[in-house]
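Novice: One predicted model, sequence on top.
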Amino acid sequence: MNNPVSFLRRRESIFIYVFSFLIFLYALYSLFRIATSLAPDFSVFYDAARGLVSHQNIYTLPMFTGLGYPPFTLLPFIPLTFLPYQFAQVMWVLFSFALFLASIYLSLLLIRKKVALTEYCIVFILGFLAFPTKFTLGMGQVNFLALVLLLLAMRYKSGVFLGFLFIMKPHFLLFLPLFFLARRWKMIVVSLVTVLISILLTGQNLYQYYFSNVVPQLLVFAGRGIYYNQGLGAFFSRIVPNMLAGQLTTWVSLLCIVGGLWFIWDRRLKLEQAVLLFIPIFLLVEPLSWQHHYVFLLPVYIWLVTANKRNRHWLLLAISYVLVAINFRNPPTFLLSHVFFGNVLLLYLVVYEMA
């Protein structure tokens, strides 16, 4: 006679596989719609990379939006500029989706020596249905490439992967103190040399223009309260006058960073744990913490599910996921910062489990 527990588990597994297959079909439909329309952020990277190859000032070109990144971030896009735009966009969207699938696998490897198919399917379902994932793919953003580079750097202790991460997302330079605390000197040196080489490859003239004209505009504390921005700056902008919001953002951001580094040092956290703790802090203090950036929380959620050994805080973890995963077209005022609160709740859970 069959074991009823085994039978139930098999039936649950079949349901998970079927549901994940349906979500995969939905994902393919979504990718088709994205690839055949316009991925706005990818168009900016593509046009700017073409301008870089033709020795133009990439910060004065007519594009969908202005480019806020330094010139070296365009290096990975240069090969795509030899393709017609629509075909290049199709390739990039499919590549990003493949990176999303890879990021699930690498995140699970943080807690498992071998990845189970049922676990992978569950994470795929929850990950793809979350709005930050669809937002990243729809905009043609680089977030999944950055996430995979971060996970590879942690897994293989590779300074090259870390350097490529800094090239794709210079914001992640904020993570450098973690590698100092972990005494990963080789990784630090190799990563910074990799960035230096990328700067030399893109010339130096544009950097003077970037730091004198583009960076000052990015530092202006105005318009931070837009719904899609979900960091500390956006939260304070929605509840207090702009000048006070700017001051609060600066001091609370410093408090979060210093407090996080002290906690990492005091608890002697391993590099992987330190990075997982710092990801929510990073999303809090980033000046423009768009909703699509919250795909970086994927490995944090996966780690927390396993770290929750005493079966506590499942409800809080679920609430955090829902707050981060949902999106409103015209949200009421009291819901404007729902992703921010989901991230704060997640940070509390990470600190609780690591304390």
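Specialist: Right, received. Where do you want to start? Numbers count the residues shown, from 1 in each chain.
Novice: hey, which helix is longest across this protein?
Specialist: Among the segments of the chain that qualify as a helix by DSSP state H, the longest is helix 4-35.
Novice: Return the distance of the nearest residue to residue 337 once chain neighbours are set aside relative to residue 340.
Specialist: Nearest non-adjacent residue to residue 337, counting by CB to CB, 6 or more residues apart in numbering: residue 235, 4.9 Å away. Yep, even glycine has a C-beta here, placed from its N, CA and C like the rest. Counting by CB to CB, to the nearest Å, the gap from residue 235 to residue 340 is 5 Å.
Novice: Next up, the contacts around residue 238.
Specialist: Residue 238 makes contact with 225, 333, 336-337 under the criterion CB atoms under 8 Å, 6 or more residues apart in numbering.
Novice: Then residue 95?
Specialist: Per CB under 8 Å, 6+ apart, neighbours of residue 95: residue 145.
Novice: so the helix or strand where it lies versus helix 4-35, what angle?
Specialist: If you go by DSSP states H and E, residue 95 is part of helix 85-109. Counting by axes from the mean of the first three to the mean of the last three CA atoms, to 10 degrees, helix 85-109 lies at 150 degrees to helix 4-35.
Novice: Can you classify residue 74 by secondary structure?
Specialist: Three-state call for residue 74 (DSSP: H, G, I helix; E, B strand; the rest coil): helix.
Novice: With adjacent residues omitted, what lies nearest to it?
Specialist: residue 49 (4.4 Å).
Novice: try residue 67
Specialist: In space, residue 67 is closest to residue 48, 4.8 Å off (CB to CB, 6+ apart).
Novice: Which positions within the helix or strand harbouring that neighbour qualify as buried?
Specialist: Residue 48 belongs to helix 40-53 when assigned by DSSP H and E. Under the neighbour-count criterion of 16 or more other CB atoms under 10 Å, helix 40-53 has 41-52 buried.
Novice: quick revisit: tell me the buried residues within the contacts of residue 238.
Specialist: For the contacts of residue 238, a burial check counting by 16+ other CB under 10 Å picks out 225, 336-337.
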